[in-house]
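Trainee: sequence-free structure coming up:
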């Protein structure tokens, strides 16, 4: 995502978790559950990745634009982590939330299925 300039032009940063202070809009990454996806001959995992997009705009228009750019940045997948081979990387869902007293929040979820390269 750090190589996708249209996305970087729209946000203040991409963080590994919720930042203490960041200018809106920004993206915070979160990992979800890791499930066993092994088979008789190898070790595998099913991983969930969530991107939280935060914006303080008066409407959700900018949030929608940033979320679309984030999806475009991940359209071709992600780099393989060391020691693992990505078998599938799939979009799961998006969701937008806002309460009367907080900024807009968008959630983009993906699922990756990986196999250990050492298996």
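Mentor: Nice, I can see it. In this text the structure is predicted, and so the values were computed from the model without any measurement. Residues are numbered from 1 along each chain as shown.
Trainee: could you use CA atoms for every contact and neighbour count after this?
Mentor: OK.
Trainee: what about residue 66, which SS state?
Mentor: Of the three states, residue 66 takes helix under DSSP: H, G, I helix; E, B strand; the rest coil.
Trainee: wait, what's in contact with it?
Mentor: By CA atoms under 8 Å, 6 or more residues apart in numbering, residue 66 lies in contact with 7, 10-11, 53.
Trainee: the lowest-mean-pLDDT helix or strand in the chain pairs with which strands?
Mentor: Within the chain, no helix or strand scores below strand 26-36, which has a mean of 91 by mean pLDDT, DSSP states H and E. Strands adjacent to strand 26-36 in the sheet, as given by DSSP bridges, are strand 14-15 (parallel), strand 44-55 (antiparallel).
Trainee: circling back: can I get the contacts of residue 66 in a markdown table including neighbour count, pLDDT and secondary structure?
Mentor: As requested, the contacts of residue 66 are exported to a markdown table (neighbours: other CA atoms under 10 Å; pLDDT from 0 to 100; DSSP: H, G, I helix; E, B strand; the rest coil):
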| residue | neighbour count | pLDDT | secondary structure |
| --- | --- | --- | --- |
| 7 | 22 | 97 | helix |
| 10 | 16 | 97 | helix |
| 11 | 18 | 97 | coil |
| 53 | 24 | 96 | strand |
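Trainee: closest to residue 107 among those residues?
Mentor: Residue 107 lies nearest to residue 53 out of the contacts of residue 66, by CA to CA, at 6.3 Å.
Trainee: surely that closest one meets residue 23?
Mentor: No. Residue 53 is beyond contact range of residue 23, at 11.9 Å (criterion: CA atoms under 8 Å).
Trainee: residues contacting the nearest residue to residue 70 once chain neighbours are set aside?
Mentor: Distances taken as CA to CA, 6 or more residues apart in numbering place residue 7 nearest to residue 70, at 6.4 Å, with adjacent residues excluded. Going by CA under 8 Å, 6+ apart, residue 7 touches 1, 66, 69-70, 73.
Trainee: again, 10 Å this time
Mentor: Counting by CA atoms under 10 Å, 6 or more residues apart in numbering, residue 7 touches 1, 13-14, 65-73.
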